[in-house]
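Asks: using only what follows, build the 3D model:
(one chain, ligands or ions: 1)
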Amino acid sequence: MKKQHTKGLKNIDRRDMLKKSSLLLAAAPFYFGLNSCISGSKKNLDADVIIIGAGLSGLNAALILEGAGLKVKIVEATDRLGGRVHTAKEKDVPGHPELGANGIGGGYARVIDAAEKHNVKIGSDRPRTEARKGELIYHIKNNFILPENWSEHSLNTLPEGFRKSLPAYTTWPMFSKINPLPPNDLAAWRNPKYKDWDKSVYLVLKEKGFSDDAIKLCMGTNSSYGVDAKNISIMMYFQILTWIGQQTASNGKGGAIVGGNQRLPKAMGAAFKQDILLNSPVKSISAEADATTITLNNGNKLRAPYTLVTLPTSALRHVSIPSCSTENQKRGFTNLEYTPVVQLHFVPTKKYWEEDGLPPSMWCDNLAGRFMALKNDIQNPDKVTSCVAFLNSNVAIEVDKMNRKDAITAVTKVLEDIRPSLKGALRFTYYWTWINNPYAGGAYAYWQPGQITDFANHLAKPIGRIHFAGEHTAIMNRGMEGAMESGERAALELLNLIG
Ligand SMILES: Cc1cc2nc3c(=O)[nH]c(=O)nc-3n(C[C@H](O)[C@H](O)[C@H](O)COP(=O)(O)OP(=O)(O)OC[C@H]3O[C@@H](n4cnc5c(N)ncnc54)[C@H](O)[C@@H]3O)c2cc1C
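Replies: Numbering: from 1, shown residues only. Sure thing, here's the model as predicted:
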């Protein structure tokens, strides 16, 4: 019997890819292999394909190519697999919250299939990076505001018709109402037909009567995407909404990997039988007529007929590559930015929320960001295991510019100033930045006005024998599923060429 998650989304966007891949894989033993299929000089080749980056996109591509009989080598800059899937170690933060990807959608067909195949369990009871319902208070312009008091509060500057919605959720229903994309066409966001919508969220909110103050509150404070309303395209929100609609329609069971999402890339890495070079940052990639050469920071070189690059553009900017295939691609590699995220983790040493009677978690318009009391002990679901100051957008950038010690001092001071019960109630445990990190450069790609029209369809264009994958090149999906989709697309692209 087919499992629930094999219905829905998977049928929409995987049908063609899988048809193609099953034909190719069936033919694999006869056609693939270093000596049978690579033209040109075969001397000094280290693999058929070198894959740079051991995130989900690189690992998925590697397993598909290995399954087709190719010799594949993965080269990874850091000492671990998973990239932006990164679970905190229990010794660093009790409850091991996710530092990177958190939720797995019910329609994440590839992620769910991979979890099943590699024997990691997806549980609906997941460690969280957000507060539970009823456990959050807003802290705006130095005032505590309970969600139930927001609609009538004097600091509520939202226009009529929006006043009842909380700042973090105000714009979504309206964006949903004006979303021009067809609900079943997950690729439509890149269709030039809709290019007039590739404009800033700011412009749209102004047209709807939002003041600058209200826009800053809703889109420039703890914003999950980008930095502020002026530098984000509303088309990206339409894409997210269309995709979420499909995720919901799939009726699948999502959640998170039991024991931490990082178990998935770890299991995928264990299933891959060939070499994975860790601690091996790549510094340059060059392409000749019949081969590609990658040079590591330590000077070592590897050669293969094809290289697949899975780095976010922010990390790729540190790597020297040949000229782009188009000017649009060059602009994309240069300008596509990643959402700023910094996290400071603490362990509560007393129940500060009982002392002042306020909810334990706070949504703040200052350096404390989203301060969340996390309950990540599945055996003991009411226990606050740790707290995180989850900083997005401008506050993340501000804190990231400080040295680590000053950042911890500054955020702790703000927390203690706004909420005296936190004085002496927090033991700092762990600091993590996705910004000041040469191998990430931010959490996930966000599209600025005009960028989707300019280069979304160019980012994945091969430069000679160098191919590209990664979440930012995904067409139908986002996040982890987008990474898996892109790895699959790139692997099939290579198999088509090599076969
Ligand atoms: C805070 C946060 C929250 C998120 N929440 C969610 C969520 O709830 N749900 C969801 O689906 N997704 C979420 N995501 C997004 C998701 O994690 C990513 O989209 C996905 O993991 C990206 O995979 P990737 O393979 O494309 O890139 P990456 O995982 O970034 O892989 C690229 C790899 O390349 C390596 N690398 C970089 N430079 C070099 C170099 N020079 N040489 C060699 N290797 C290099 C990196 O170390 C990395 O391992 C979140 C991400 C973050 C950071």
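
Asks: mind listing what's buried in stretch 410-419?
Replies: Under the neighbour-count criterion of 16 or more other Cβ atoms under 10 Å, stretch 410-419 has 410-412, 414-416, 418-419 buried. All C-beta spots, glycine's among them, are computed from the backbone N, C-alpha and C.

Asks: how many neighbouring residues does residue 237 have?
Replies: Using other Cβ atoms under 10 Å, residue 237 is surrounded by 23 other residues.

Asks: quick one: residues contacting it.
Replies: 171-172, 175, 179, 201, 225 (Cβ atoms under 8 Å, 6 or more residues apart in numbering).

Asks: ok, now with 7 Å
Replies: Applying Cβ atoms under 7 Å, 6 or more residues apart in numbering, we find residue 237 in contact with 175, 201.

Asks: tell me the secondary structure for it?
Replies: helix (DSSP: H, G, I helix; E, B strand; the rest coil).

Asks: any idea of the pLDDT on it?
Replies: Model confidence at residue 237, given as pLDDT, is 98.

Asks: if I look at it, how far off is residue 62?
Replies: 33 Å (Cβ to Cβ, to the nearest Å).

Asks: if we can go back for a sec, which ones among the buried residues of stretch 410-419 map onto helices?
Replies: 410-412, 414-416, 418 (DSSP state H).

Asks: now for those residues, which pair is the farthest apart?
Replies: The largest separation in these, counting by Cβ to Cβ, is between 410 and 418 at 12.9 Å.

Asks: ok, and does stretch 58-77 reach over to the ligand?
Replies: Yes - Stretch 58-77 is in contact with the ligand by Cβ under 6 Å from any ligand atom, via 58, 75-77.

Asks: which of those fall within helices?
Replies: Reading helices off the residues of stretch 58-77 next to the ligand with DSSP H, I get residue 58.

Asks: and the stretch 1-150 of the chain, which residues reach the ligand?
Replies: 52-58, 75-78, 83-85, 100-103.

Asks: among these, which are in strands?
Replies: Judged by DSSP state E, strands contain the following of these: 52, 75.

Asks: start to end distance for stretch 109-123?
Replies: 15 Å (Cα to Cα, to the nearest Å).

Asks: per-residue confidence averaged over it?
Replies: Stretch 109-123 comes out at a mean pLDDT of 96.

Asks: mind listing what's buried along stretch 83-99?
Replies: Quick answer for stretch 83-99 (16+ other Cβ under 10 Å): 83-88, 92-99.

Asks: where does the stretch 351-499 of the chain get nearest to the ligand, which residue?
Replies: residue 479 (2.3 Å; Cβ to the nearest ligand atom).

Asks: mind giving me the domain split of the chain?
Replies: 49-84+256-337+440-496, 128-153+341-433, 157-253 (the TED database).

Asks: first to last residue in the last one, what's the distance?
Replies: Taking Cα to Cα, the first and last residues of domain 157-253 lie 38 Å apart.

Asks: that domain vs the ligand: in contact?
Replies: No - using Cβ under 6 Å from any ligand atom, domain 157-253 never reaches the ligand; the gap is at least 8.8 Å.

Asks: now that domain: how far from the chain's centre is it?
Replies: With Cα atoms, centre = their mean, to the nearest Å as the basis, domain 157-253 stands 18 Å off its chain's centre.

Asks: can you give me the helices for the stretch 301-450 of the chain?
Replies: 313-316, 327-335, 352-356, 393-401, 404-418 (DSSP state H, counting those that start in this stretch).

Asks: nearest to residue 188, out of those helices?
Replies: Closest among the helices of the stretch 301-450 of the chain, once you apply Cβ to Cβ, is helix 327-335, at 19.4 Å.
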